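Trainee: Provide a 3D model corresponding to the input given below.
(chains A, B, C and D)
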Protein chains: 2
Amino acid sequence: MLQTDQKVSLAVSTVVFALRPHPTTGRMTLWLPLVRRIREPYEGRWALPGGPLEPDEDLAASAQHTLERTTGLTPRYLEQLYSFGAVDRSSVADRDGRVVSIVYWALTRPEEMARAIDGENVEWFVADDVSGLAFDHDQIVRYALDRLRAKITYSPIAHAFCDDEFTLAELREVHEAVRGCRFDPANFRRQALASGWFEPTGRSVQGTSHRPPALYRFRPSEETS
Amino acid sequence: MLQTDQKVSLAVSTVVFALRPHPTTGRMTLWLPLVRRIREPYEGRWALPGGPLEPDEDLAASAQHTLERTTGLTPRYLEQLYSFGAVDRSSVADRDGRVVSIVYWALTRPEEMARAIDGENVEWFVADDVSGLAFDHDQIVRYALDRLRAKITYSPIAHAFCDDEFTLAELREVHEAVRGCRFDPANFRRQALASGWFEPTGRSVQGTSHRPPALYRFRPSEETS
DNA sequence: GCCGCTTAGTGTTGACCTGACCATAAGAGG
DNA sequence: CCTCTTATGGTCAGGTCAACACTAAGCGGC
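Mentor: Numbering: from 1, shown residues only, chains lettered A, B, ... in the order given. Sure thing, here's the model as predicted:
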């Protein structure tokens, strides 16, 4: 247990969002998975899934692998959120050394939620209601929510919550759940199509008790990276 | 030189922007300061100012102090940019251990440029022309430029390049330099004032050979953080 | 088959924003 | 007084957006 000088150590954590109906209101809402801490500091509290950065893994790969290992999730969208490194963030007075966290945020489809429940130590919570988390994770969740709500307005990420083919009504429901307000179906459709991010598949949904909605898919951008 | 296991170490670097006339065209352009590396890897190459994260400093404070120490600069605006941590970013085959950099970006006024030139090992370069930097710093500079050019369109950061009191023509010149295009003075004025970010000081500039322009100041936002 | 219900999708309209451009204001210098 | 310069205000055509009326196309009941 050779301890060098008070070195800073690096962890990678991820805020994963999925959409599910709210337990009381029934309206679509953002949920996120948390894992229970099984050691000090903050033993027994809920925290974001994460772990130390492995020396041979890139940052995003580390987020992905840690997430897979601790929650079983493999999200469709993953992006760096922010790095948190306040001196006292691990706990006000601790001698475990200082931890800097590079935090990612991710989006996943609701099917993943079922697969992810891993017994006692992983649980999903309504994103807007979480509080009392370990470390500064309350603040991180808030920050991730703000980023998601901002980014959905100018980028096509909403489709990461949907299946490969989706109706515009489904896409609109994602926006409504994330932004917390309703959108006019007609206007939403116009803007979604005008953005050029989506294209019709030619298929449509059968068996509805009304006019069958057309199916769309995300159109990968033309960028030649 | 007791080397523990292949631990990852943490550095903080900063991309600092200032505006100065372009050496050949004379048009206002973005510049940034670089420091020459005085050890391997990349000895002799230019690199972003930065240094290891001190265990008792917050991330932003570390950026600020390292910047002050290496270049003498104390920017007016400082914000986290991104964290870079590819496994091979230090150099493809090195045994100095892996370095993860948390990079900040900063804006400063042109007066600072004069104060900052520190002899041989600090020099300012035209931001769009830098290349051949150490590590992945070319890519980081590009990323910072993109962020600056995006953010200036929806936030009042342009004022960080100006004095405390400035004319709308000066503010417009900042936008033109950063975005690389011209703006109609009348339209720019309307939008700047409609944004609510700026307010007239009541004073104006005397001694111009034309109608004296009014002076404005940045109006700190009402947010009760 | 016809009616009523539901959601899909189209059209219209007025408020607002934007960019291009014209006009006037207010200084300096001849 | 005339000219030149930039500041600042006005106008107008085109585009975007939200509200809302309307048509399309499925279902089930009768």
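
Trainee: going forward, measure contacts between C-alpha atoms and count neighbours the same way
Mentor: Noted.

Trainee: residues contacting the residue nearest to residue A:64 when sequence neighbours are not counted?
Mentor: Spatial nearest neighbour of residue A:64, excluding adjacent residues (C-alpha to C-alpha, 6 or more residues apart in numbering or on different chains): residue A:74 at 6.9 Å. With contacts defined as C-alpha atoms under 8 Å, 6 or more residues apart in numbering or on different chains, residue A:74 is in contact with A:64, A:67, A:68, A:108, A:112.

Trainee: In ChimeraX, how would I select the buried members of those?
Mentor: Buried residues among the contacts of residue A:74 (16 or more other C-alpha atoms under 10 Å in any protein chain shown), as a ChimeraX selection:
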select /A:64,67,68,108
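
Trainee: Can the lengthiest helix in chain A be said to contact DNA strand D?
Mentor: Longest helix in chain A, counting residues (DSSP state H): helix A:137-151. No: judged by C-alpha under 7 Å from any atom of the strand, helix A:137-151 stays clear of DNA strand D, getting no closer than 14.3 Å.

Trainee: Can you name every helix or strand that that helix contacts?
Mentor: With contacts defined as 3 or more C-alpha pairs under 8 Å, 6 or more residues apart in numbering or on different chains; DSSP states H and E, the packing partners of helix A:137-151 are helix A:168-179.

Trainee: got the contact list for the helix it packs on?
Mentor: Taking C-alpha under 8 Å, 6+ apart as the rule, helix A:168-179 contacts A:19, A:27-30, A:148-149, A:152, A:158-159, A:161-162, A:182-183, A:185, A:188-189, A:192, A:213-216.

Trainee: just checking: which of these also lie near DNA strand C?
Mentor: Answer for the contacts of helix A:168-179 near DNA strand C (C-alpha under 7 Å from any atom of the strand): A:185, A:189, A:213, A:214.

Trainee: Isn't the last one up against residue A:167?
Mentor: Yes: distance between residue A:214 and residue A:167: 6.0 Å, which falls inside the contact criterion (C-alpha atoms under 8 Å).

Trainee: does residue A:20 sit in a helix, a strand or a coil?
Mentor: Following DSSP: H, G, I helix; E, B strand; the rest coil, the label given to residue A:20 is strand.

Trainee: Counting neighbours, what do you get for it?
Mentor: Applying other C-alpha atoms under 10 Å in any protein chain shown, we find 19 residues neighbouring residue A:20.

Trainee: now swap in residue A:23 and tell me
Mentor: Close neighbours of residue A:23, defined as other C-alpha under 10 Å, add up to 10.

Trainee: how much space between it and residue B:144?
Mentor: Per C-alpha to C-alpha, to the nearest Å, residue A:23 is found 42 Å from residue B:144.

Trainee: one step back: please, a PyMOL command that selects the buried ones among the contacts of helix A:168-179?
Mentor: Applying 16+ other C-alpha under 10 Å to the contacts of helix A:168-179, the buried members can be selected in PyMOL as follows:
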select buried, chain A and resi 19+28+29+30+148+149+152+158+159+161+162+188+189+192+214+215+216
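
Trainee: Export only the CA atoms of the longest helix of chain A, formatted as PDB.
Mentor: Coordinates of each C-alpha in helix A:137-151 appear next as PDB, following Å, rounded to 0.1, in the frame of the first residue of the first chain:
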ATOM      1  CA  HIS A 137     -23.100  14.500  -7.900                       C
ATOM      2  CA  ASP A 138     -26.300  16.500  -7.200                       C
ATOM      3  CA  GLN A 139     -24.700  19.400  -9.000                       C
ATOM      4  CA  ILE A 140     -23.400  17.200 -11.800                       C
ATOM      5  CA  VAL A 141     -26.800  15.800 -12.500                       C
ATOM      6  CA  ARG A 142     -28.300  19.400 -12.600                       C
ATOM      7  CA  TYR A 143     -25.500  20.400 -15.000                       C
ATOM      8  CA  ALA A 144     -26.200  17.400 -17.200                       C
ATOM      9  CA  LEU A 145     -29.900  18.100 -17.300                       C
ATOM     10  CA  ASP A 146     -29.300  21.700 -18.300                       C
ATOM     11  CA  ARG A 147     -27.000  20.500 -21.100                       C
ATOM     12  CA  LEU A 148     -29.400  18.000 -22.400                       C
ATOM     13  CA  ARG A 149     -32.300  20.500 -22.400                       C
ATOM     14  CA  ALA A 150     -30.200  23.100 -24.200                       C
ATOM     15  CA  LYS A 151     -28.700  20.700 -26.700                       C
END
